[in-house]
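Asker: Give the three-dimensional model of this entry:
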Amino acid sequence: MKTPSSSLSRSQKIDLISLVVIVGLSVSVAYHYVLGVYLGMGWPFNTFLFKIGDRFGDLLIFSGKLSSVPIEGMWNYPPFTYLVIYPFSVLPKGVALGLFLLLFAVSFLHTVARNLKQADALATFRSVFVLGLLSYPFLYTVERANIEWIVFLLLYLFIVCFTQKRRILGPVFLALAISLKIFPAVFLVLLLAGRRYREAVLTLGLAGVFTLLGFLVFDGGFAANWQRFSQSTGLYVQACLMWDAGWGFGHSLFGAMRILLTAVSRGDFAESVQLLAVYPWLALLVFLALWFQLSRWQGRFWKQVLLLVLAMDLLPQTSPDYKLLHIFVPLFLFVNQDPPEKKDALYAILFGLLLIPKDYAWLPAHPMVSLSVLLTPIIMLFMGITIVVEEARNRRNSRVAGELSGVSP
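Answerer: Take a look at the predicted model:
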């Protein structure tokens with residue numbers, strides 16, 4: 001199969017990504033319709049989304065429970081997250097859900113429209129409708145009613161501030177994102193690689209203040225809320241790592257490796273948790289190698305951002321599919337880059353593949369886990385490796401050219 005190698009204009013990138021999303025979503029809807037309606041199969045075969053009985057559960061589970069950092073359920077949110085959820089928890093469920101989803105839809109679709117705007121209003125509407133409303137990350141985040149969209153918005157605003165060299169506001173947005181969910185901390189690498197050390201220190205300091213605030217304001221004070229937070233995190237680890245909660249709707253590298261290990265060894269899925277002893281060191285090694293690469297980066301900015309998003313999504317031991325929202329940040333940069341590159345078509349197709357459901361079959365290693373837990377990490381790894389190899393080749397060519405001209409690279 002010949003790899004796409006043509007450069008694309010801005011509108012061609014948008015059209016190609018949109019085409020992949022339309023085709024991918026249509027195939028998935030048709031596939032699940034046949035399984036659900038004609039073959040009479042229930043969940044998870046009749047939909048690419050989560051259980052109907054648990055719809056909007058990531059928000060509604062907290063209704064009326066937030067007088068303290070909770071231990072109910074399997075939650076590992078930092079304490080500042082509960083401050084953000086608190087206003088929704090005290091409202092009636094219907095009002096809270098409606099307001100939450102309205103804020104998500106308006107902010108997300110506005111961001112999509114702002115970055116994919118075209119001269120033709122109809123073309124802009126089509127782009128927002130397809131890449132916004134019909135994308136799998138949007139649909140899954142709505143179905144779960146998860147606060148990941150707030151983290152996405154904060155990361156997007158951080159990147160905007162970073163490019164505009166807004167050295168105070170940018171760290172505020174990144175610190176808020178880190179305080180909500182710890183994984184955006186990988187973007188500190190962007191500040192360190194750019195030798196913007198004061199901004200990195202400011203980000204860490206603000207994140208510490210926001211986190212401490214979350215521990216202090218709820219009933220019981222710091223000590224009691226720290227204990228509840230530890231217990232809640234322990235429950236989450238047991239459910240999502242030791243057992244198998246949510247594996248069918250995730251895309252972490254650990255999940256893919258665990259499924260492959262189970263399939264190859266023909267062992268029990270629960271036994272593959274032994275990988276936990278090795279995986280953190282592997283993830284750390286990969287991250288340090290990525291940090292080294294970014295410290296010498298000479299290529300496009302969108303590729304730097306994409307590598308950090310891939311690290312944030314792939315390397316944690318669990319990575320639910322609503323985290324695919326963050327793919328839109330480098331996607332926006334990619335679409336608006338200038339001038340075009342010869343691999344634009346390839347990257348556009350890969351971006352599109354990350355925005356569609358891919359659960360077209362269920363794996364023998366676990367009857368409730370679909371092919372998606374392998375396909376999404378494979379696509380992400382392919383994108384990351386392609387970019388790193390391309391950057392290394394360009395750096396080598398630049399060095400050779402410098403040596404031939406007698407100029408240091």
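Asker: shouldn't Val151 be in contact with Ser179?
Answerer: No. Between Val151 and Ser179 there is no contact under C-beta atoms under 8 Å: 9.8 Å. For glycine as for every other residue, the C-beta is placed from the backbone atoms N, C-alpha and C.
Asker: give me the number of residues near Phe254?
Answerer: Applying other C-beta atoms under 10 Å, we find 23 other residues in the vicinity of Phe254.
Asker: Helix or strand: which one has it?
Answerer: Per DSSP states H and E: Phe254 is located in helix 253-265.
Asker: tell me which residues in that helix are buried?
Answerer: Leu253, Phe254, Gly255, Ala256, Met257, Arg258, Ile259, Leu260, Leu261, Thr262, Ala263 (16 or more other C-beta atoms under 10 Å).
Asker: ditto for stretch 115-126
Answerer: Asn115, Leu116, Gln118, Ala123, Thr124, Arg126.
Asker: can you pull out the helices in the stretch 251-400 of the chain?
Answerer: Under the criterion DSSP state H, counting those that start in this stretch, the stretch 251-400 of the chain contains helices at 253-265, 279-295, 301-314, 328-335, 344-354, 372-405.
Asker: Skipping adjacent residues, who's closest to Tyr279 in space?
Answerer: Phe254 (5.2 Å; C-beta to C-beta, 6 or more residues apart in numbering).
Asker: Verify the contact between that neighbour and Ala277 for me.
Answerer: No. Applying C-beta under 8 Å, one finds Phe254 not in contact with Ala277, separated by 11.9 Å.
Asker: on that earlier part again, can you lay out the helices of the stretch 251-400 of the chain as JSON lines showing distance to Asp321?
Answerer: Compiled in JSON lines, those are given as follows (distance: least, C-beta to C-beta, whole Å):
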{"stretch": "helix 253-265", "distance to Asp321": "11"}
{"stretch": "helix 279-295", "distance to Asp321": "19"}
{"stretch": "helix 301-314", "distance to Asp321": "10"}
{"stretch": "helix 328-335", "distance to Asp321": "14"}
{"stretch": "helix 344-354", "distance to Asp321": "10"}
{"stretch": "helix 372-405", "distance to Asp321": "8"}
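Asker: and Arg167, which of the three is it?
Answerer: coil (DSSP: H, G, I helix; E, B strand; the rest coil).
Asker: again with Ala177
Answerer: helix.
Asker: Let's see stretch 21-34 as PDB, backbone CA atoms only.
Answerer: Listed next in PDB are the C-alpha coordinates belonging to stretch 21-34 (Å, rounded to 0.1, in the frame of the first residue of the first chain):
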ATOM      1  CA  VAL A  21     -14.900  11.100  10.300                       C
ATOM      2  CA  ILE A  22     -18.000  10.800   8.200                       C
ATOM      3  CA  VAL A  23     -17.100   7.500   6.700                       C
ATOM      4  CA  GLY A  24     -15.800   6.100  10.000                       C
ATOM      5  CA  LEU A  25     -18.800   7.200  12.000                       C
ATOM      6  CA  SER A  26     -21.300   5.900   9.300                       C
ATOM      7  CA  VAL A  27     -19.600   2.500   9.200                       C
ATOM      8  CA  SER A  28     -19.700   2.200  13.000                       C
ATOM      9  CA  VAL A  29     -23.300   3.300  13.300                       C
ATOM     10  CA  ALA A  30     -24.300   0.800  10.600                       C
ATOM     11  CA  TYR A  31     -22.300  -2.000  12.200                       C
ATOM     12  CA  HIS A  32     -23.800  -1.500  15.600                       C
ATOM     13  CA  TYR A  33     -27.300  -1.100  14.100                       C
ATOM     14  CA  VAL A  34     -27.100  -4.500  12.500                       C
END
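Asker: Give me the below-cutoff pLDDT ranges for the stretch 51-200 of the chain.
Answerer: 65-76 (pLDDT under 70).
Asker: that older thread, ok, now which ones touch the residue nearest to Tyr279?
Answerer: Counting by C-beta atoms under 8 Å, 6 or more residues apart in numbering, Phe254 makes contact with Leu275, Tyr279, Ala283, Pro316, Gln317, Thr318.
Asker: okay, it: pLDDT?
Answerer: In this prediction, Phe254 carries a pLDDT score of 85.
Asker: do Trp226 as well
Answerer: Confidence score, pLDDT, at Trp226: 76.
Asker: Likewise for Arg396?
Answerer: pLDDT at Arg396 comes out at 79.
Asker: Against Leu306, how distant is it?
Answerer: 21 Å (C-beta to C-beta, to the nearest Å).
Asker: So which of those two has more stuff around it?
Answerer: Taking neighbours as other C-beta under 10 Å, Arg396 and Leu306 compare with Leu306 leading, 25 against 11.
Asker: Could you look up the SS state of Gly40?
Answerer: Gly40 ends up coil, using three-state DSSP.
Asker: Surely Tyr197 is in contact with Leu191?
Answerer: Yes. Taking C-beta under 8 Å as the definition, Tyr197 is a contact partner of Leu191 at 7.4 Å.
Asker: if I look at those two, which residues touch both of them?
Answerer: Common neighbours of Tyr197 and Leu191 (C-beta under 8 Å, 6+ apart) do not exist.
Asker: Comparing those two, which residue is more hemmed in?
Answerer: Neighbours were tallied for Tyr197 and for Leu191 using other C-beta under 10 Å; the higher tally belongs to Leu191 (23 against 10).
Asker: Need the contact partners of stretch 11-23.
Answerer: 8, 116, 118, 123, 126-127, 130-131, 134-135, 331, 334-335, 344-345, 348-349, 351-353, 355-356.
Asker: at 10 Å instead, please
Answerer: Here stretch 11-23 makes contact (C-beta atoms under 10 Å, 6 or more residues apart in numbering) with 4, 6-9, 115-116, 118-120, 123-124, 126-127, 129-132, 134-136, 331, 334-337, 340, 344-345, 347-356.
Asker: From Ser252, how far off is Arg10?
Answerer: For Arg10, the distance to Ser252 - C-beta to C-beta - is 32 Å.
Asker: So for these two, which residue has more residues nearby?
Answerer: Each of Arg10 and Ser252 has its neighbours counted (other C-beta under 10 Å); Ser252 has more, 24 against 16.
Asker: List the residues that contact that one.
Answerer: 240, 258, 279, 283, 313-320, 323, 373, 376-377.
Asker: what's the closest of those residues to Gly384?
Answerer: Nearest to Gly384 out of the contacts of Ser252 is Leu314 (C-beta to C-beta; 7.9 Å).
Asker: Which strands and helices lie in contact with the helix or strand where Phe173 lies?
Answerer: Here Phe173, judged by DSSP H and E, is contained in helix 169-180. Secondary-structure packing of helix 169-180 (3 or more C-beta pairs under 10 Å, 6 or more residues apart in numbering; DSSP states H and E): helix 79-89, helix 148-163, helix 188-193, helix 197-217.
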